[in-house]
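Participant: Build me a structure from this.
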Amino acid sequence: MSNPYLPKWEYIPDGEPRVFGDRVYVYGSHDTAGSDSFCDYVLKCWSAPLDNLNDWVCHGDIFHTRIDRDHNADTDWTDDSNQLFAPDVVEKDGKYYLFAYIVNSKGCVAVSERPEGPFTLLSQYKYTISDEICCNGWFIDPGVFVDDDGRAYIYCGYERSFMAELNSDNMYEVLDNTCIEHIIPNVITENGGFTTEDTLFFEACSMRKINGTYYLIYSPKRGSRLAYATSDKPTGPFTYRGYIVDNGVDYPGGNNHGSVAKINGEWYIFYHRMTNGTIMSRRACAERIEILPDGSIPPVEMTSLGFEKSLNPYKITDADIACVVKGGAFVTEKNVFDRVITNITDGCVIGYKYYDFGEDFSSKTMELAVNINGCGCDSKLHVLIDGEDGEEIGVLDIGRDSAVIIGVVKAVTGRHSLFFKVSTEYGGWTGDFFKGRQLFELKSFVFMK
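Facilitator: Next comes the predicted model:
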């Protein structure tokens, strides 16, 4: 599956990937298309078999803080101010524990016999640490970790981080005298290399143990990134090592939340991207990463690939899988069937990474068909490979009406990124007034030989 890897109508932010048995599960909060706020009142779970990452199954709403058409609330202390953010699920002794972050209210733990649920409320958190530390029991963005010795830990925080050990017999009781504050600093310090806002803590704790090293993945002050720090103990101290992905590079960015998982011998970073010209309406994405022998993780670029190695240019591409959207354009959903890149104006850039055009040397040209919604003025779509300043292989004339436009471009072979740059001479006597005018909306495209 390409990015986003779930069905296009699904908006899952804050996704925590977990491999249980022969499936990978993603547990997330739930946004809605076009919303002006984060999340709603349910948590969701999707899963796919490890040997077929194109076959994602929805396990429905797995936890609720208010009544909906199919479920009662799983909590009796919540109301319409208590949305659900950023969950996590871990396995302990054959049971699966869901940790729920409830806005404006005490968080809780639910349990199930199966990784996909249904989850049944176990308890609110029990603790004696200061309410100031855990935000009155919210335990914001809980990242939970069960070590090889069976001991369990919870990592939390918003603008200040903390961790504590859980009673591994019940998984909801925070053990006395185990709380450690500022596991990732929120002020600049030389200790551990936390020396810039790119390294300081903001939110989104997630703990993993890889090759004996403890990796704390989090969102730093530059919130569009997922950074990581490492330690030789689950309690730290942690040393900043870098960032893994930044959802705001050449794209309308916002907060980020996710983690890493190893699937079929390959490592992936799971994260989300924004739509609708807001920092809401977020969709789940993934990128392959590499963990080097020294434990470092080189930063990766955002792509359109998801779990694919390359995209097929001779199959129809939906425009909304773009990984580069610059100049004010953005992805939006008009209805459950129709998603476009809208607000396309003079100078906008739209990019896709990466296509394999094959090795056919018999053709000098090929055709490109683009499906657009016209907006009443003329423009040009410049087609480039290998970067927005790369080789131009053709130009298509975009008209005033909605249409499928077919143009001839140079035939290319091999693997390339693809970019569209938009230009127009439209404006006339109105001059600068029309420089920001929407020219068209991009729905889909395909190359043909």
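
Participant: Residue 133 should be in a helix, yeah?
Facilitator: Yes - counting by DSSP: H, G, I helix; E, B strand; the rest coil, residue 133 falls inside a helix.

Participant: can you pull the contacts of the closest residue to it other than its chain neighbours?
Facilitator: In this structure, residue 133 finds its nearest non-sequential neighbour in residue 162, 5.4 Å apart by C-beta to C-beta, 6 or more residues apart in numbering. Any C-beta I mention is one placed from the backbone N, CA and C, and that applies to glycine too. Contact analysis of residue 162 by C-beta atoms under 8 Å, 6 or more residues apart in numbering lists 129, 133-134, 155-156, 179-183.

Participant: Any regions of this protein where pLDDT drops low?
Facilitator: Scanning the chain with the threshold set as pLDDT under 70 gives 427-435.

Participant: ok, now with 80
Facilitator: In the predicted model of the chain, residues 223, 360-361, 426-436 satisfy pLDDT under 80.

Participant: So what pairs up with the spatially most central residue of it in the strands?
Facilitator: Centroid-nearest residue in the chain: residue 272, 1.3 Å away (criterion: C-alpha atoms, centre = their mean). Going by DSSP bridges, residue 272 is paired in beta bridges with residue 284.

Participant: give the contact list for it.
Facilitator: Neighbours of residue 272 in contact, by C-beta under 8 Å, 6+ apart: 12-15, 247, 256-258, 282-285.

Participant: contacting residues around residue 329?
Facilitator: Residue 329 makes contact with 341-345, 348, 350, according to C-beta under 8 Å, 6+ apart.

Participant: Equivalent analysis for residue 368, please.
Facilitator: Going by C-beta under 8 Å, 6+ apart, residue 368 touches 383, 394, 396, 406-409, 445-448.

Participant: cool, residue 269 as well?
Facilitator: Residue 269 sits next to 226, 244-245, 258-260, 286-287, 289, 300 when contact means C-beta under 8 Å, 6+ apart.

Participant: repeat for residue 10
Facilitator: When contacts are counted by C-beta under 8 Å, 6+ apart, residue 10 is found next to 4, 46, 58, 283-284.

Participant: Can you tell me which of those residues are buried?
Facilitator: Buried by 16 or more other C-beta atoms under 10 Å: 4, 46, 283-284, out of the contacts of residue 10.

Participant: For the residues you listed, give me JSON lines that also has distance to residue 377.
Facilitator: Compiled in JSON lines, those are given as follows (distance: C-beta to C-beta, whole Å):
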{"residue": "4", "distance to residue 377": "31"}
{"residue": "46", "distance to residue 377": "41"}
{"residue": "283", "distance to residue 377": "30"}
{"residue": "284", "distance to residue 377": "36"}
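
Participant: ok, those residues vs residue 109, which is closest?
Facilitator: Residue 109 has its nearest neighbour among the buried ones among the contacts of residue 10 in residue 46, at 21.2 Å by C-beta to C-beta.

Participant: so that closest one sits in a helix?
Facilitator: No - the assignment for residue 46 (three-state DSSP) gives strand, which keeps it out of a helix.

Participant: Distance check, it against residue 25.
Facilitator: Distance of residue 46 to residue 25, given as C-beta to C-beta, to the nearest Å: 7 Å.

Participant: rewinding a little: name the member of the contacts of residue 368 that has the highest neighbour count.
Facilitator: For the contacts of residue 368, the largest neighbour count, defined by other C-beta atoms under 10 Å, is 24 neighbours, found at residue 445.

Participant: Looks like it contacts residue 370 (just checking).
Facilitator: Yes - counting by C-beta atoms under 8 Å, residue 445 touches residue 370, with 4.4 Å between them.

Participant: quick one: contacts for residue 252?
Facilitator: 274, 277, 325, 330.

Participant: same thing but 6 Å
Facilitator: Applying C-beta atoms under 6 Å, 6 or more residues apart in numbering, one finds that residue 252 lies in contact with 274, 330.

Participant: Can you pull the phi/psi pair for it?
Facilitator: In terms of degrees, to the nearest 10, the main-chain angles of residue 252 are phi -70, psi 100.

Participant: Of the contacts of residue 272, which is the nearest to residue 313?
Facilitator: Checking these one by one against residue 313 (C-beta to C-beta), the nearest turns out to be residue 285, at 20.4 Å.

Participant: Can you say which of the contacts of residue 272 are buried?
Facilitator: 12-15, 247, 256-258, 282-285.

Participant: Domain parsing of this protein, as residue ranges.
Facilitator: Domains of the chain are assigned by automatic domain parsing as 16-289, 317-448.

Participant: May I have the distance across the shortest one, first residue to last?
Facilitator: So that's domain 317-448. Terminal residues of domain 317-448 lie 12 Å apart, using C-alpha to C-alpha, to the nearest Å.

Participant: Which helix or strand contains the closest residue in space to residue 116 that isn't next to it in sequence?
Facilitator: Here the nearest residue to residue 116 in space, its sequence neighbours aside, is residue 59; by C-beta to C-beta, 6+ apart that works out to 3.9 Å. Per DSSP states H and E, residue 59 falls inside strand 57-64.

Participant: Report all helices and strands that that strand contacts.
Facilitator: When contacts are defined as 3 or more C-beta pairs under 6 Å, 6 or more residues apart in numbering; DSSP states H and E, strand 57-64 packs onto strand 42-49.

Participant: ok and the strand it packs on relative to strand 57-64, angle-wise?
Facilitator: Put simply, strand 42-49 runs at 150 degrees to strand 57-64, going by axes from the mean of the first three to the mean of the last three C-alpha atoms, to 10 degrees.

Participant: Quick one: residues in contact with strand 42-49.
Facilitator: 6, 23-28, 30, 55-59, 61-64, 84, 87, 116.

Participant: Report the buried members of those.
Facilitator: By neighbour count, with 16+ other C-beta under 10 Å, the contacts of strand 42-49 hold 6, 23-28, 30, 56, 59, 61-64, 84, 87, 116 as buried.

Participant: burial of residue 365, as a residue count?
Facilitator: Neighbour count for residue 365, taken as other C-beta under 10 Å: 11.

Participant: cool, and residue 168?
Facilitator: By the other C-beta under 10 Å criterion, the neighbourhood of residue 168 contains 17 residues.

Participant: now the one 4 residues further on
Facilitator: When neighbours are defined as other C-beta under 10 Å, residue 172 has 20 of them.

Participant: pretty sure it contacts residue 124?
Facilitator: No - contact criterion C-beta atoms under 6 Å: residue 172 and residue 124 do not qualify, at 7.3 Å.

Participant: about what we covered before: what's the most buried one of the domains of the chain?
Facilitator: Mean neighbours per residue, mean count of other C-beta atoms under 10 Å, is largest over the domains of the chain for domain 16-289, with a mean of 19.
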